[in-house]
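Asks: sharing a model that was predicted from the sequence below.
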Amino acid sequence: MTEETSHKRPFSGVPEMLCRAAGLAALCIGLASTPAMASPVAKGGGLFVVGNDRGGVILSRLKELRRLRSSAKRVEIRGRMCLSSCTMYLGLPQTCVSAETTFGFHGPSLFGLPMGRRDFENTSRIIASNYPTPLREWYMSKARYEISGFKRMSGATLIELGVPECPVSG
């Protein structure tokens, strides 16, 4: 059995000032170019399949990563794309990727608006801490400075960097 992602917007419409008032400015991050975040749909078993995930709010993704890390479910990233906060699944030890999937990385913002330097640095580190080492270094030196678009990378390139390839499904 598998779990698959579906698109929902858990913090849709949360204004920047609410995040700041809650003291969560570095984690209440929405991305203008990636409005929908994939949320799990429980189907049981030891597999979590991510497909065509546009990313979303980092705080929600961190909660999902914590749950998956403790469950030890295998995470398979498949489909056409894995953008923005979706790429944070790459840091889970039980994650594999499809060579055909395109991954899109960019720097943090507050619902599409620039962040202050301190929040930008802190949030960049939070995002990078969820990547394998070679990807973490590339993200911190290059991809985090891309704010209005994506630095794209193929699943095949990630596999060359050491991310396990998912078995071909029949």
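Replies: Alright, I've got the coordinates.
Asks: against which helices or strands is the longest helix along the chain packed?
Replies: Ranked by residue count and defined by DSSP state H, the top helix of the chain is helix 58-71. Helices and strands touching helix 58-71, by 3 or more Cβ pairs under 8 Å, 6 or more residues apart in numbering; DSSP states H and E, are strand 37-41, helix 117-128. Yep, even glycine has a C-beta here, placed from its N, CA and C like the rest.
Asks: just give me how far the longest one sits from the chain centre.
Replies: In other words, helix 117-128. Distance, stretch centre to chain centre, for helix 117-128: 14 Å (Cα atoms, centre = their mean, to the nearest Å).
Asks: can you list the low-confidence ranges for the protein?
Replies: Scanning the chain for pLDDT under 70 picks out 1-44, 170.
Asks: each with direction, which strands does the longest strand seen in it pair with?
Replies: Determined from DSSP state E, the single longest strand within the chain is strand 74-83. Partner strands and pairing direction for strand 74-83 (DSSP bridges) are strand 47-53 (parallel), strand 95-97 (parallel), strand 102-105 (parallel).
Asks: quick check: Lys151 touching Phe105?
Replies: Yes - the criterion here is Cβ atoms under 8 Å, and Lys151 meets it with Phe105 at 4.8 Å.
Asks: overlap of the contact sets of those two?
Replies: When contacts are counted by Cβ atoms under 8 Å, 6 or more residues apart in numbering, Lys151 and Phe105 are jointly contacted by Ala143.
Asks: look at the two and report which has more neighbours.
Replies: Set Lys151 next to Phe105 and count neighbours by other Cβ atoms under 10 Å: Phe105 wins out with 24 against 16.
Asks: which ones are touching the more buried one?
Replies: By Cβ under 8 Å, 6+ apart, the contact list for Phe105 reads Ser84, Thr87, Tyr139, Ala143, Arg144, Glu146, Phe150, Lys151, Arg152, Met153.
Asks: please redo it, this time with the cut-off set to 6 Å
Replies: For Phe105, the contact set (Cβ atoms under 6 Å, 6 or more residues apart in numbering) comprises Thr87, Ala143, Lys151.
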